[in-house]
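Colleague: with the input below, show me the fold.
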Amino acid sequence: MHVNEVLSDEMVSRQVTVRGWIYRARESGSLVFIVVRDSTGIIQVVVEKNSVKQEEFEMAGRATIESSLEVTGLLVKEKKAPTGYEIHATSLKFYQIADVFPITKDKSDEFLLDIRHLWLRSREMTATMKIRETVLELIRSFMKERDYHEVQPPMFVGASVEGGSTLFEVPYFGEKAYLTQSSQFYLEAFIFALENVYTISPSFRAERSRTRRHVTEFTHYEAEAAWVGNGEMMDLEEELVVYIAGNLISKRREELEILKRDLAKLRNIEKPFYRYRYEKVIELGREKGLDLGDNTDLGEKEERIITQDFDKPIFIYNFPTSLKPFYHRPDPEDRSHVLNHDLLAPEGYGEIIGGGERIWDKNELISRIEEENLKPEDYQWYIDLRSYGSVPHSGFGLGVDRMVTWLCGLDHINKVIPFPRTIRRLKP
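Modeller: Take a look at the predicted model:
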């Protein structure tokens, strides 16, 4: 049985068997107290000298943290036990007595990254991985309810989406290839067949940023939809974030509590979100003491300061054209701005979504590519999409790791990725 199946009044006074690893252990005379963990939770086991074989009691006394074992015994309700129940052992089977576990209290974050293959076993990482899994499940159920199709774009690409300086170049049979920064261009191709599409895939950015929200490999949830404008896409994202936050509380309350997340802050994630034009956000930043020009590209520091006092996410829309990539559609009424948006999480977390309306006129797209001093021939197939029945369309990209960091209330993106990759870390 799993531990969570045992933690029930219905199981009291019944014989149960659980398997797992030693989370904590202490000896007190003729008693050994062992806290056993498995993938579902923890439970205290009381090993009394006269209730098990002598050999089993001796092994219980010298068993180390992370030793693997199977316990059989009587389930008893006990308020003082960590989870309100404990097993009074009648037999123990040890699979392995572990070496001395290298992780002890107060180890540094850097050390925990060095031995991430072992830190995954911690209650904090286990909780985070379950929350992450549930967020992905909620994304998929949300999109399915709205008739979006999940697709699988390629990871090897021949041209950049976000900029050549952040590309990882890889050899490809005598040609240059790159690890994808974004699947957006390919999703745009899919809409002409499936109309509404999304993908959850890794993306790679060779950014040298060392902020709390940057990694070189991240999980990217991207969507594109035909016949949809910038405002409608913002509405969809708002519904999505509310849906995820609300359901996460009911589905992963225990895990959020392990991480000491303030659930009241998640309950406050309701429509409507704040919506400000770019210029208004610049004003808000200046009011908070930031030295911002009229065309400042907001970074981690600026977004952290601007959002730290907000209680709900904030949409920033219609950025200056000069700040955004060529594919964003200029506002027909003000071509100095584009029809785009970023969604910033509150509490200082900053951007979790970037999206907007795409240029769907072929000649306008070529013109914008040339304005950015890029070569149209490098984007020929992407331009070609506009030659055969082009339609208005919009999309977005959501950083799953950033979103989970915010939802968990953690202070660094490294803490929600099982094996994070940064400019300084490639192992384990």
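Colleague: domains of the chain?
Modeller: Here the domain parsing of the chain from automatic domain parsing is 3-96, 113-416.
Colleague: looking at the last one now, give me its mean pLDDT.
Modeller: This means domain 113-416. Domain 113-416 shows a mean pLDDT of 96.
Colleague: likewise the shortest one?
Modeller: Here domain 3-96 scores 97 as its mean pLDDT.
Colleague: start at 38 instead
Modeller: From this message on, residue numbering opens at 38, which makes the last subject domain 40-133.
Colleague: element containing residue 258?
Modeller: Residue 258 belongs to strand 254-263 when assigned by DSSP states H and E.
Colleague: make that residue 309, sorry
Modeller: Residue 309 is part of no helix or strand, with elements assigned from DSSP H and E.
Colleague: I'd say it and residue 275 touch.
Modeller: Yes - between residue 309 and residue 275 there is a contact under Cβ atoms under 8 Å: 7.2 Å. Every residue, glycine included, has its C-beta placed from N, CA and C.
Colleague: which residues do these two both contact?
Modeller: With Cβ atoms under 8 Å, 6 or more residues apart in numbering applied, the contact sets of residue 309 and residue 275 do not overlap.
Colleague: which one of these two has more residues nearby?
Modeller: Using other Cβ atoms under 10 Å, the more surrounded residue of residue 309 and residue 275 is residue 275, with 21 against 10.
Colleague: the nearest residue to the more buried one once chain neighbours are set aside: neighbouring residues, count only.
Modeller: Among residues not flanking residue 275 along the chain, residue 310 sits closest, at 5.3 Å (Cβ to Cβ, 6 or more residues apart in numbering). When counting by other Cβ under 10 Å, one arrives at 20 neighbours for residue 310.
Colleague: go on, residue 238?
Modeller: 18.
Colleague: one more: the one 3 residues further on?
Modeller: Residue 241 has 21 neighbours, counted by other Cβ under 10 Å.
Colleague: from residue 305, how far out is it?
Modeller: Distance of residue 241 to residue 305, given as Cβ to Cβ, to the nearest Å: 34 Å.
Colleague: how about residue 93?
Modeller: Going from residue 93 to residue 305 by Cβ to Cβ gives 51 Å.
Colleague: thinking again about what came up before, which residues touch the residue nearest to residue 275?
Modeller: Residue 310 makes contact with 275, 278, 349, 350, 351, 352, 380, according to Cβ under 8 Å, 6+ apart.
Colleague: tell me the secondary structure for the third one?
Modeller: This points to residue 349. coil (DSSP: H, G, I helix; E, B strand; the rest coil).
Colleague: separation between it and residue 307?
Modeller: Relative to residue 307, residue 349 is positioned 7 Å away (criterion: Cβ to Cβ).
Colleague: which one of the two is surrounded by more residues?
Modeller: Neighbours of residue 349 and residue 307, each counted by other Cβ under 10 Å, are more numerous for residue 349; the result is 19 against 12.
Colleague: if we can go back for a sec, in terms of neighbours, single out the busier of residue 93 and residue 305.
Modeller: A count of neighbours by other Cβ under 10 Å puts residue 93 above the other of residue 93 and residue 305, at 20 against 12.
Colleague: that one reaches residue 128, doesn't it?
Modeller: Yes - counting by Cβ under 8 Å, residue 93 touches residue 128, with 6.7 Å between them.
Colleague: tell me which stretches of the stretch 138-287 of the chain form strands.
Modeller: Counting by DSSP state E, counting those that start in this stretch, the stretch 138-287 of the chain has strands at residues 186-187, 193-194, 205-209, 212-216, 233-241, 254-263.
Colleague: turn those strands into CSV, including distance to residue 416.
Modeller: Shown next, in CSV, are these (distance: least, Cβ to Cβ, whole Å):
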stretch, distance to residue 416
strand 186-187, 25
strand 193-194, 11
strand 205-209, 18
strand 212-216, 14
strand 233-241, 18
strand 254-263, 16
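Colleague: which of these sits most buried?
Modeller: For the strands of the stretch 138-287 of the chain, the stretch with the most neighbours on average is strand 254-263, a mean of 23; neighbours defined as mean count of other Cβ atoms under 10 Å.
Colleague: quick one: work out the angle between that one and strand 205-209.
Modeller: Inter-element angle recorded for strand 254-263 and strand 205-209: 90 degrees (by axes from the mean of the first three to the mean of the last three Cα atoms, to 10 degrees).
Colleague: from the chain's centre, how far out does stretch 248-263 sit?
Modeller: Distance, stretch centre to chain centre, for stretch 248-263: 9 Å (Cα atoms, centre = their mean, to the nearest Å).
Colleague: stretch 306-314 now?
Modeller: 21 Å.
Colleague: export it as PDB, just CAs?
Modeller: In PDB, the C-alpha atoms belonging to stretch 306-314 read as follows (Å, rounded to 0.1, in the frame of the first residue of the first chain):
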ATOM      1  CA  ILE A 306      -6.300  35.300  -8.800                       C
ATOM      2  CA  GLU A 307      -9.600  36.200 -10.300                       C
ATOM      3  CA  LYS A 308     -10.800  38.100 -13.300                       C
ATOM      4  CA  PRO A 309     -10.400  40.900 -14.300                       C
ATOM      5  CA  PHE A 310      -6.600  41.300 -14.300                       C
ATOM      6  CA  TYR A 311      -5.100  44.700 -14.500                       C
ATOM      7  CA  ARG A 312      -4.600  46.000 -18.000                       C
ATOM      8  CA  TYR A 313      -2.300  48.900 -18.800                       C
ATOM      9  CA  ARG A 314      -0.800  50.400 -21.900                       C
END
